[in-house]
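*Asks:* attaching a predicted model along with its sequence, questions to come.
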Amino acid sequence: MLDGIVRSLSDQVVVAEEFSSPPPLRPAIIARVCGWAAFACGFCVMIGWATDLRILRSVFPGMIAMLPISALIFMIAGTAVVAATASHIRIGRWWSGPAAILATVLGFTALAERLADTNLGIDSLLFIEKVREYPYLPPGRIAPNSAFAFSLLGMALVAMQIGRVAFVRVARVAASLSLAIAALAMVGYLYGAKQLYKFDAVGGMALITAIAFSFLSIGVLSLRPGEGAVALLSGSDLGGRLARRLLPWTIGVPILLGRLWIAVRDRGLVSREFAAAGFAIITMAILGTIVLRNALALRRVDLERRGALAREAAGRVRAEELQRAAEIANEVKVHLLATMSHELRTPLNAIGGYTQLMSMGMRGPITGEQRHDLDRIDASARYLSTIIGDILSFAKTDAGEVEFQLRHNDVNCLIDGLDALVGPQLAGRSVRFETHPSAAPITVVTDAERVRQILVNLVSNAVKFTQPGGLVAVSCVSTEGSARISVHDTGVGIGSEHLDRIFAPFVQIDRTLTGPNRGVGLGLSISRNLARRMGGDIDVASTPGKGSTFTLVLPLARGGSGLSSS
């Protein structure tokens with residue numbers, strides 16, 4: 001199933017890669033590049049005013065020049081965008097905010113001068129004598145559309161610095177309006193439509209100014225790309241890829257064809273009607289081809305997606321069938337283990353009974369050697385009976401057939417009397433045993449008999465792996481929502497590579513350490529299964545050569561009387 005899903009997803013990725021050109025954009029890099037580009041535009045214009053290089057002021061001779069104050073604002077705002085993208089650098093944090101505020105103040109001052117028809121002094125800050133050479137009135141006054149765009153971008157920069165969701169949305173709207181103003185101006189220059197870049201008779205937006213506004217607007221929009229158009233364009237999903245493929249064509253094709261139409265019409269090569277019809281036909285053909293090509297790519301991806309979903313559904317059905325087969329096999333296993341346990345226990349009980357009769361002399365006198373052999377037979381029978389009991393318990397717990405009586409119990413009462421239950425084993429190994437009850441009462445909701453079964457098993461294991469003269473200690477504490485009963489020993493310990501395996505059934509790490517009656521490795525598996533069925537668990541921490549700590553975790557009582565569960 002997994003191989004099929006992985007293969008289908010790989011196929012889908014291959015098709016998606018065919019659809020992934022151009023690659024995903026990185027907004028931080030775009031913001032940084034656009035910030036530097038806006039700064040470069042202002043810096044070049046400033047050099048042009050300082051050195052009398054007119055071409056640096058207006059790009060082309062005879063066109064509107066960018067004013068020095070505009071160049072200064074672009075330099076300040078551009079560095080603010082760059083600094084905002086490098087906010088982890090101390091100088092970036094220091095400059096981005098003040099630069100944004102300064103650009104905002106200059107932009108709104110320029111707008112206020114236009115709206116109030118007054119002079120606030122910024123027109124004559126830089127190169128005023130050189131500015132008077134141009135026919136702009138008043139001299140040095142920023143054009144209305146430029147002043148409005150500066151105000152919008154300054155407000156957007158400050159809002160981006162604040163960073164709250166509402167302010168970021170305002171910043172996106174303001175930067176988008178500024179970009180629209182710049183785009184109108186550039187289209188106006190391309191088509192010779194002065195009304196798009198020159199709102200009055202004495203001042204208009206320079207081409208270099210429109211270009212700088214475009215850079216600055218895109219840079220501001222890219223500062224926080226979490227949502228909106230920037231998030232879509234920079235995304236790696238199919239929507240982002242489709243937008244990056246279609247947007248350049250939908251913008252570029254009409255602009256270029258419109259310019260071509262004007263050139264053909266001005267030269268009188270075709271009639272006005274034929275030029276308009278040709279413009280419409282070519283536009284439809286190009287855009288239709290682009291749409292169909294992308295639709296085919298999307299269709300391939302969608303077909304692959306449907307195929308992947310179909311294969312996943314088939315794999316899910318197959319997995320359900322396998323799971324049901326595994327459940328049936330587990331039921332058969334449990335039934336077989338239970339049957340075998342019962343069938344084996346009957347002859348073992350008979351062996352034990354006859355052994356005791358013979359040991360008591362009921363069948364006649366026996367020699368010392370015979371009594372020794374009978375003792376070994378009796379010990380082996382009891383050992384086999386213990387193994388059969390473990391297998392039967394494992395089968396029942398694994399099948400969920402063990403019933404629990406969950407009641408409120410005091411933890412100290414649960415650990416009390418453990419020494420008596422494991423006393424013979426402690427004496428045989430010469431191991432010291434200690435219990436450390438909690439100072440304050442700890443009440444848990446659990447099955448007392450099952451908890452004692454778990455604790456006896458954990459203590460028995462600890463004694464089994466502790467050298468003579470060592471220590472096994474039981475303690476209990478409460479944490480938030482649970483009680484923790486820990487069984488600590490000073491035994492051989494367990495390597496970290498084995499900690500994940502010791503709770504698996506029929507697993508024993510070192511069978512040579514447990515003596516001849518070592519069991520079959522079901523005790524820990526049964527204990528953890530019982531603990532989890534009661535809403536708890538068993539954790540282990542161990543250091544080789546220093547000992548181990550097994551901790552039984554039980555849920556604390558939250559009021560109420562006894563509960564029953566099975």
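*Replies:* All right, it came through fine.
*Asks:* residue contacts, the nearest residue to Pro505 once chain neighbours are set aside?
*Replies:* Once flanking residues are discounted, Pro505 sits nearest to Ser525: 4.3 Å by CB to CB, 6 or more residues apart in numbering. In short, each C-beta sits where N, CA and C put it, glycine included. By CB atoms under 8 Å, 6 or more residues apart in numbering, the residues touching Ser525 are Phe394, Phe503, Ala504, Pro505, Phe506, Val507.
*Asks:* quick one: secondary structure of Ser525?
*Replies:* Classification of Ser525 using DSSP: H, G, I helix; E, B strand; the rest coil returns helix.
*Asks:* for Ala308, pull up the helix or strand it's in.
*Replies:* Ala308 is part of helix 272-359, with elements assigned from DSSP states H and E.
*Asks:* if you could redo that for Arg501, that was the one I meant.
*Replies:* Per DSSP H and E, there is no helix or strand for Arg501.
*Asks:* SS state for the nearest residue to it once chain neighbours are set aside?
*Replies:* Nearest residue to Arg501, sequence neighbours excluded (CB to CB, 6+ apart): Val507, at 5.3 Å. Three-state assignment for Val507 (three-state DSSP): coil.
*Asks:* what's the burial count for Val507?
*Replies:* Neighbourhood size, Val507 [other CB atoms under 10 Å]: 14.
*Asks:* circling back to that earlier point, which of the contacts of Ser525 sits closest to Leu137?
*Replies:* Ranked by distance to Leu137 (CB to CB), the contacts of Ser525 are led by Phe503 at 89.1 Å.
*Asks:* pLDDT wise, what is the closest one at?
*Replies:* Predicted confidence (pLDDT) for Phe503: 80.
*Asks:* that's a helix at it, yeah?
*Replies:* No: counting by three-state DSSP, Phe503 falls outside a helix, being coil.
*Asks:* ramachandran angles for it?
*Replies:* phi -90, psi 0 (degrees, to the nearest 10).
*Asks:* identify the residues contacting the closest residue to Thr466 other than its chain neighbours.
*Replies:* The spatially closest residue to Thr466, leaving aside those adjacent along the chain, is Gly491, at 3.9 Å (CB to CB, 6+ apart). Neighbouring residues of Gly491 by CB under 8 Å, 6+ apart: Ala462, Phe465, Thr466, Gln467, Gly470, Gly547, Ser548.
*Asks:* show me the strands in the stretch 1-150 of the chain, by range?
*Replies:* Taking DSSP state E, counting those that start in this stretch to define them, one finds no strands in the stretch 1-150 of the chain.
*Asks:* let me see the contact set for the closest residue to Gly523 other than its chain neighbours.
*Replies:* Distances taken as CB to CB, 6+ apart place Asn457 nearest to Gly523, at 4.6 Å, with adjacent residues excluded. Taking CB under 8 Å, 6+ apart, we find Asn457 in contact with Gly523, Leu524, Ile526, Ser527.
*Asks:* contacting residues for the second one?
*Replies:* The one in question is Leu524. For Leu524, the contacting residues are Asn457, Asn461, Ile502, Phe503, Ile538, by CB under 8 Å, 6+ apart.
*Asks:* dump the residues you listed into CSV; add distance to Gly204 as well.
*Replies:* Converted to CSV, the contacts of Leu524 look like this (distance: CB to CB, whole Å):
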residue, distance to Gly204
Asn457, 91
Asn461, 90
Ile502, 83
Phe503, 81
Ile538, 81
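*Asks:* which of these ranks first by neighbour count?
*Replies:* Asn461 (22 neighbours).
*Asks:* give me the distance between that residue and Gly417.
*Replies:* Look at Asn461 and Gly417: by CB to CB, to the nearest Å, they are 18 Å apart.
*Asks:* hang on, isn't Val131 packed against Pro139?
*Replies:* Yes: contact criterion CB atoms under 8 Å: Val131 and Pro139 qualify, at 5.1 Å.
*Asks:* now the common contact residues for these two.
*Replies:* Joint contacts of Val131 and Pro139 (CB under 8 Å, 6+ apart) are Asp123.
*Asks:* quick one: low-confidence parts of the stretch 51-200 of the chain?
*Replies:* Within the stretch 51-200 of the chain, the segments meeting pLDDT under 70 span 87-95, 200.
*Asks:* one step back: can I assume the residue nearest to Thr466 sits in a strand?
*Replies:* No: assigned with three-state DSSP, Gly491 falls outside any strand and is coil.
*Asks:* looking at Val131 and Pro139, which is more packed in?
*Replies:* Set Val131 next to Pro139 and count neighbours by other CB under 10 Å: Val131 wins out with 20 against 17.
*Asks:* wouldn't Phe167 be in contact with Ala159 here?
*Replies:* Yes: Phe167 is within contact range of Ala159, at 4.0 Å (criterion: CB under 8 Å).
*Asks:* and the two? Which one has more around it.
*Replies:* For Phe167 versus Ala159, neighbours defined as other CB under 10 Å are more numerous around Ala159 (24 against 17).
*Asks:* for that one, pull up the helix or strand it's in.
*Replies:* helix 144-162.
*Asks:* follow-up on the earlier one: pull the distance from the helix holding Ala308 to the chain's centre.
*Replies:* 24 Å (CA atoms, centre = their mean, to the nearest Å).
*Asks:* which helices and strands does that helix pack with?
*Replies:* Applying 3 or more CB pairs under 8 Å, 6 or more residues apart in numbering; DSSP states H and E, we find helix 272-359 packed against helix 2-18, helix 238-266, helix 368-399.
*Asks:* show me where pLDDT drops low in the stretch 351-500 of the chain?
*Replies:* Short version for the stretch 351-500 of the chain, where the test is pLDDT under 70: 383, 387, 389-401.
*Asks:* if we go to 80?
*Replies:* 351-364, 367-368, 370-376, 378-403, 421, 423-425, 427-428, 499-500 (pLDDT under 80).
*Asks:* list the buried residues in the helix or strand Thr551 falls within.
*Replies:* Secondary structure from DSSP H and E places Thr551 in strand 547-555. In terms of neighbour count (16 or more other CB atoms under 10 Å), strand 547-555 has its buried residues at Gly547, Ser548, Thr549, Phe550, Thr551, Leu552, Val553, Leu554.
*Asks:* and of those, the nearest to Ile485?
*Replies:* Nearest to Ile485 among the buried residues of strand 547-555: Leu552, at 4.5 Å, using CB to CB.
*Asks:* what's the closest non-adjacent residue to the closest one?
*Replies:* Sequence neighbours aside, Ile485 is the residue nearest to Leu552 in space, at 4.5 Å (criterion: CB to CB, 6+ apart).
*Asks:* now that neighbour, what's its secondary structure?
*Replies:* At Ile485 the chain is in strand, as set by three-state DSSP.
*Asks:* Leu414 versus that one, what's the distance?
*Replies:* Per CB to CB, Ile485 is found 7 Å from Leu414.
*Asks:* let me know the closest of the contacts of Gly491 to Ala379.
*Replies:* Nearest to Ala379 among these is Phe465, at 21.0 Å by CB to CB.
*Asks:* picking up where we left off before, now do the residue nearest to Pro505 against Val445, distance only.
*Replies:* 23 Å.
*Asks:* could you do Arg528 as well?
*Replies:* 18 Å.
*Asks:* what's the answer for Lys194, then?
*Replies:* In terms of CB to CB, Lys194 sits 85 Å off from Val445.
*Asks:* more neighbours, these two?
*Replies:* Counted by other CB under 10 Å, Lys194 and Val445 do not tie: Val445 has more neighbours, with 21 against 13.
*Asks:* contact partners for the more buried one?
*Replies:* Applying CB under 8 Å, 6+ apart, we find Val445 in contact with Leu406, Arg407, His408, Asn409, Gly535, Leu554, Pro555, Leu556, Ala557, Arg558, Leu563.
*Asks:* just among the residues you listed, which is most surrounded?
*Replies:* Leu554 (25 neighbours).
*Asks:* which residues does that residue bridge with?
*Replies:* Ala483 (DSSP bridges).
*Asks:* which secondary structure state is assigned to the residue nearest to Gly523?
*Replies:* helix.
*Asks:* do you know how far it is from Thr250?
*Replies:* 73 Å.
*Asks:* with Thr543 instead?
*Replies:* For Thr543, the distance to Thr250 - CB to CB - is 68 Å.
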